[in-house]
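Trainee: Structure for the following, please:
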Amino acid sequence: MPIEVTVRHLNAAPGLKEYAEKRAAKLMEQFPRVESVHVIVDVQRHLYEAEFVVQQKGLTAVGAKEHAASALAVVDTAAARAERQLRKTIHKRVTAHIRKTEKK
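Mentor: Just a heads-up that it's a prediction; the model follows:
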């Protein structure tokens, strides 16, 4: 279960990569079908941008991108958004094919 962290256009503080890895590990613990997580942190015009790309078994990747003024805050919000999307896909998978049949 690989976790990749990429930091672009920035000399990353040593705590940023570890923090992003910790947040990605939490996602992998909560959702056992997750195969890999790729975290991309970027800086554009004094705004930090974080993107979580989560690959699950049997599903396409889930991407969540956020912008904020703080690097740690943007990692938190992007991880929360990815978690919300993963929960949504689980809910859809559970309730998608439930049909009630009536007997006559």
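Trainee: Please make it C-alpha for all contacts and neighbour counts, starting now.
Mentor: OK.
Trainee: list the contacts for residue 50?
Mentor: 39-42, 65-67, 74-75, 78 (Cα atoms under 8 Å, 6 or more residues apart in numbering).
Trainee: Now, those residues that are in helices?
Mentor: The helices, defined by DSSP state H, take in 74-75, 78 from the contacts of residue 50.
Trainee: Restricted to buried residues, select those residues in PyMOL.
Mentor: In PyMOL, this line selects whichever of the ones in helices among the contacts of residue 50 come out buried by 16 or more other Cα atoms under 10 Å:
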select buried, resi 74+75+78
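Trainee: could you dump the contacts of residue 50 to CSV with distance to residue 10 and pLDDT?
Mentor: Listed next are those as CSV, based on distance: Cα to Cα, whole Å; pLDDT from 0 to 100:
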residue, distance to residue 10, pLDDT
39, 14, 92
40, 12, 91
41, 9, 91
42, 7, 90
65, 18, 80
66, 17, 81
67, 15, 83
74, 14, 90
75, 15, 90
78, 18, 90
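Trainee: who wins for neighbours among these?
Mentor: Compared across the contacts of residue 50, residue 75 has the highest neighbour count, 28 neighbours, by other Cα atoms under 10 Å.
Trainee: Quick one: list the elements packing against the helix or strand bottoming out on mean pLDDT in the chain.
Mentor: Of all helical and strand segments in the chain, the minimum by mean pLDDT, DSSP states H and E falls on strand 62-68, at a mean of 80. If contacts are counted by 3 or more Cα pairs under 8 Å, 6 or more residues apart in numbering; DSSP states H and E, strand 62-68 sits against strand 47-56, helix 71-95.
Trainee: I'd like to know how many residues surround residue 11.
Mentor: The number of residues near residue 11, taken as other Cα under 10 Å, comes to 7.
Trainee: Alright, I will stop here.
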